[in-house]
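K.L.:
mind looking at a prediction? Sequence and model below.
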Amino acid sequence: GDSVTQMEGPVTLSEEAFLTINCTYTATGYPSLFWYVQYPGEGLQLLLKATKADDKGSNKGFEATYRKETTSFHLEKGSVQVSDSAVYFCALGRPAETSGSRLTFGEGTQLTVNP
Amino acid sequence: SQTIHQWPATLVQPVGSPLSLECTVEGTSNPNLYWYRQAAGRGLQLLFYSVGIGQISSEVPQNLSASRPQDRQFILSSKKLLLSDSGFYLCAWTRTSGRGSYEQYFGPGTRLTVT
């Protein structure tokens, strides 16, 4: 079955540092890949997505490229801010005949950015 | 645009009491709806999904049940809460038709503490 593995946290960075959160997946076929962000006490927000190999998703300075050859979807940002402190989830999605869509989530990575 | 609401935002209930959490979606019709639980601030567990009014599928056997009395309303219930039911409950929706990348959109969540 599908699975998603994220780098373990927590990750602590100083403001303006470069961010990488690793994500690898195991799946057959061509699933879509997502990064969600969860700020303290809130629900998950879709941060970016990629639907096919070599696609690059980007939003708010974050980027991730769908690498089928390495089954990876690493999240990067060139210069983090204190406001980026949150939990980041990598997820894999595919259609599901009985439920519309099926998401498989990684365990999440806590990011703390210090001023 | 579409929005998803959950209430209440927080709830403290004694063991053995009943539970009712509500989720509604605006701005779309015939969505697929999902209930997740997030324990310990991290991983998400899919509890129930629904592809239409009165159609509920359960992912894991547990003390909870779900209902969909209206197209855009999804309710999570319990007759008698257990301590292990504590957690952060998230509702999500996705489109039912058309080509897409299968992302799900999440509500703000309900924090349930069973005492």
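P.N.:
It's in.
K.L.:
what about the residue nearest to residue A:23 when sequence neighbours are not counted, neighbour count?
P.N.:
Sequence neighbours aside, residue A:90 is the residue nearest to residue A:23 in space, at 3.5 Å (criterion: CB to CB, 6 or more residues apart in numbering or on different chains). C-beta coordinates here come from the backbone N, C-alpha and C atoms, glycine included. Counted with other CB atoms under 10 Å in any protein chain shown, residues neighbouring residue A:90 total 28.
K.L.:
where do the helices sit along the chain?
P.N.:
Answering for chain A, as no chain was given. Shown for chain A, no helices are assigned by DSSP state H.
K.L.:
now the helix or strand of it with the lowest mean pLDDT: buried residues?
P.N.:
Every helix and strand in chain A was compared by mean pLDDT, DSSP states H and E; the lowest is strand A:100-105, with a mean of 85. Neighbour counts over strand A:100-105 (16 or more other CB atoms under 10 Å in any protein chain shown) mark A:100, A:101, A:102, A:103, A:104, A:105 as buried.
K.L.:
and it, C-alpha only, in CSV?
P.N.:
This file holds the C-alpha atoms of strand A:100-105, laid out as CSV (Å, rounded to 0.1, in the frame of the first residue of the first chain):
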residue,chain,number,x,y,z
GLY,A,100,-13.5,10.1,-3.9
SER,A,101,-10.0,10.6,-2.8
ARG,A,102,-7.6,8.9,-0.5
LEU,A,103,-4.8,10.8,1.3
THR,A,104,-1.9,9.1,2.9
PHE,A,105,-0.1,11.4,5.3
